[in-house]
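3D, please:
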Amino acid sequence: MVERVIGTLKEQCIHRQRFDSIQHATRAIGDWISFYNHRRPHQALDMKTPAEAFALAASPAQFPLGRYIVAFRPVQSVDFGAVDHA
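Have a look, this model is predicted:
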């Protein structure tokens, strides 16, 4: 599953632009991750966003007592910090 997300990130974000700095890349990738989690519907999730699917899976009203649900959380952006080019 992670490989699919990384492949989509590369195809839809990283390979489509040239970044001027680490900060520019971090901001663009963070924006894409937010879009991926909250606005982009996924066919595998019955055309829901990952955030919507996770909210439904985490809702106790959706499932009878005694049942256990494994849910995938939306991916998180990572702040790599500053890079020293000394």
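
buried stuff in stretch 20-29?
Buried residues in stretch 20-29, counting neighbours by 16 or more other CB atoms under 10 Å, are found at 25-26, 29. Heads up, the C-betas are built off the backbone N, CA and C, glycines and all.

what's the closest of those residues to Leu45?
Each of these was scored against Leu45 by CB to CB, and Ile29 proved nearest at 21.5 Å.

which of the helices or strands spans that closest one?
Element membership for Ile29, per DSSP states H and E: helix 22-38.

tell me what that helix is packed against?
Here helix 22-38 touches helix 2-12, helix 50-58, going by 3 or more CB pairs under 8 Å, 6 or more residues apart in numbering; DSSP states H and E.

can I get that helix in CSV, CA atoms only?
Written as CSV, here are the backbone C-alpha positions of helix 22-38 (Å, rounded to 0.1, in the frame of the first residue of the first chain):
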residue,chain,number,x,y,z
ILE,A,22,13.9,22.2,0.1
GLN,A,23,11.2,24.5,1.6
HIS,A,24,9.4,24.7,-1.8
ALA,A,25,9.5,20.8,-2.1
THR,A,26,8.3,20.4,1.5
ARG,A,27,5.4,22.8,1.0
ALA,A,28,4.4,21.3,-2.4
ILE,A,29,4.5,17.7,-1.1
GLY,A,30,2.7,18.7,2.1
ASP,A,31,-0.1,20.3,0.0
TRP,A,32,-0.3,17.2,-2.2
ILE,A,33,-0.6,14.9,0.8
SER,A,34,-3.4,17.1,2.2
PHE,A,35,-5.2,16.9,-1.2
TYR,A,36,-4.6,13.1,-1.3
ASN,A,37,-6.1,12.6,2.2
HIS,A,38,-9.0,15.1,2.2
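
what is the mean pLDDT for stretch 55-66?
For stretch 55-66, the mean pLDDT works out to 64.

Lys10 - how many residues pack around it?
Using other CB atoms under 10 Å, Lys10 is surrounded by 11 other residues.

tell me how far it lies from Glu52.
Going from Lys10 to Glu52 by CB to CB, to the nearest Å gives 24 Å.
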